[in-house]
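Undergrad: next comes the sequence, and after it the predicted model I'd like to discuss.
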Protein chains: 2
Amino acid sequence: MPGSRRLPSRPELDVWRDFIETTEALRTRIGGRLLHDTGLSTGDYTVLLALSEAPGRRVRSSELAAGIGWERSRLSHHLARMERRDLITREGHTTDSRGAVVVLAPAGAAAFQAATVPHLRAVRELFVDALTPAQLTAAGEIAAALREHLRLP
Amino acid sequence: MPGSRRLPSRPELDVWRDFIETTEALRTRIGGRLLHDTGLSTGDYTVLLALSEAPGRRVRSSELAAGIGWERSRLSHHLARMERRDLITREGHTTDSRGAVVVLAPAGAAAFQAATVPHLRAVRELFVDALTPAQLTAAGEIAAALREHLRLP
DNA sequence: CTCCTATGATTGACACGTCAACCACAGGGG
DNA sequence: CCCCTGTGGTTGACGTGTCAATCATAGGAG
């Protein structure tokens, strides 16, 4: 069909650019605030959140990667940096000697604890408060539609 | 007022996470496609687009940075990489000897020319086609509201 | 038991972004 | 004319992300 080769119209392209630039700016703004206020990057926060919710505050590396939707390589690099800062430690898996287990370190737990309220407050201030309830709902639906279209889990 | 310290509710937080993760995935998907299909990153594309629209296909560096909303440092690093690949060249400014002028090189013009249709097609397929017309409109309004709230230009 | 393949995880190379430091010059006071 | 402050631009250090290569081991076919 000819429609399959159609290019976006001017207004469609404007929405695209505005949408992608604004979400990018929002991400960097909230990430910057988190880093500035707490010393944690959003990556750190994501990892620490997953760890702090895990039973025993320990998770197998591959499960952690799957849980937060990261590639193993990315996680491995990030964990190396976090280990250097004593936020986490790594242990070998007891039964599967290929496996690595990530353990939440005391400093990591403390940093996460201290970061959560400021971060949630920033999310409310910069995202939730910017939108009307209807817009918030629409944002959820748009995300769902995009996600579906991208065939994301 | 007490409301100023309120944290996001569960559903609000779910929307936030879904929204931010999905837009991130969308960006990397479209960026990855562009890079794979044309050898240009989204940063390259942004710079080349601005350059190809400029009179004489040349722009003063600081104006380019302002035009695409980048920090000067970021642009400087990126231009260095693009110059290495012969996509652009840099010349001194004629009257203000502090200034640098970025010039679109033939290879850059050709690469941009070749990239534009595939990229716009990807935008249509992965973004425009994923949304109903009403959702597209809503996306524009959400972006505008967020942008306003962030006090972006 | 012995291969053979698949999986878990790490590493190296490189692109990208931010921050802070830096250098050079423009554009005025004095 | 000389200094002094502000602006344009680059650089270095470092955190981050992707890709491809690598390595060790698990787990099953034979």
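TA: Yep, it's here.

Undergrad: pick out the residue of chain A closest to DNA strand D.
TA: Closest to DNA strand D within chain A is A:S41: 3.1 Å, counting by C-beta to the nearest atom of the strand. Every residue, glycine included, has its C-beta placed from N, CA and C.

Undergrad: my read: that residue touches A:R33, true?
TA: No: taking contacts as C-beta atoms under 8 Å, A:S41 lies outside contact range of A:R33: 11.4 Å.

Undergrad: give me phi/psi at A:R90?
TA: Note on A:R90: backbone dihedrals following degrees, to the nearest 10 are phi -120, psi 140.

Undergrad: in chain A, which helix has the most residues?
TA: For chain A, the helix with the greatest residue count under DSSP state H is helix A:10-38.

Undergrad: wait, does that helix contact chain B?
TA: Yes: with C-beta under 8 Å from any C-beta of the partner chain as the criterion, chain B is reached by helix A:10-38 at A:12-16, A:18-27, A:29.

Undergrad: A:I88: how many residues sit nearby?
TA: Neighbour count for A:I88, taken as other C-beta atoms under 10 Å in any protein chain shown: 26.

Undergrad: quick one: which helix or strand includes the closest residue to DNA strand C within chain A?
TA: Proximity to DNA strand C, evaluated over chain A using C-beta to the nearest atom of the strand, is greatest for A:S62 at 2.6 Å. For A:S62, the enclosing helix or strand under DSSP states H and E is helix A:61-68.

Undergrad: pull the CA atoms of that helix into PDB?
TA: The C-alpha coordinates for helix A:61-68 follow below in PDB (Å, rounded to 0.1, in the frame of the first residue of the first chain):
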ATOM      1  CA  SER A  61      23.000 -10.500  38.400                       C
ATOM      2  CA  SER A  62      21.100 -11.800  35.400                       C
ATOM      3  CA  GLU A  63      17.800 -11.500  37.200                       C
ATOM      4  CA  LEU A  64      18.700  -8.000  38.200                       C
ATOM      5  CA  ALA A  65      19.400  -7.100  34.600                       C
ATOM      6  CA  ALA A  66      16.100  -8.600  33.500                       C
ATOM      7  CA  GLY A  67      14.200  -7.000  36.300                       C
ATOM      8  CA  ILE A  68      15.300  -3.500  35.400                       C
END
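
Undergrad: chain center to the helix or strand that that helix is followed by, what's the gap?
TA: Downstream of helix A:61-68, the next assigned helix or strand under DSSP H and E is helix A:72-84. Counting by C-alpha atoms, centre = their mean, to the nearest Å, helix A:72-84 is centred 15 Å from the centre of its parent chain.

Undergrad: for helix A:72-84, buried residues please.
TA: A:L75, A:H78, A:L79, A:M82 (16 or more other C-beta atoms under 10 Å in any protein chain shown).

Undergrad: now swap in stretch A:139-153 and tell me
TA: Within stretch A:139-153, the residues scored as buried using 16+ other C-beta under 10 Å are A:A139, A:G140, A:E141, A:I142, A:A143, A:A144, A:A145, A:L146, A:R147, A:H149.

Undergrad: grab the nearest non-local neighbour of the residue of chain A closest to DNA strand D.
TA: For A:S41, ignoring the flanking residues on the chain, the nearest one in space by C-beta to C-beta, 6 or more residues apart in numbering or on different chains is A:L35 at 5.5 Å.

Undergrad: kindly indicate whether A:E141 is helix, strand or coil.
TA: helix (DSSP: H, G, I helix; E, B strand; the rest coil).

Undergrad: contacting residues for the nearest residue to it once chain neighbours are set aside?
TA: Counting by C-beta to C-beta, 6+ apart, the nearest residue to A:E141 once its immediate chain neighbours are dropped is B:Q135, at 6.7 Å. B:Q135 makes contact with A:A138, A:E141, A:I142, A:A145, according to C-beta atoms under 8 Å, 6 or more residues apart in numbering or on different chains.

Undergrad: ok, now how distant is the last one from B:A134?
TA: Same thing as A:A145. 11 Å (C-beta to C-beta, to the nearest Å).

Undergrad: my read: A:R33 touches A:A122, true?
TA: Yes: using C-beta under 8 Å, A:R33 is in contact with A:A122, at 5.0 Å.

Undergrad: please consider this matter closed, and thank you.
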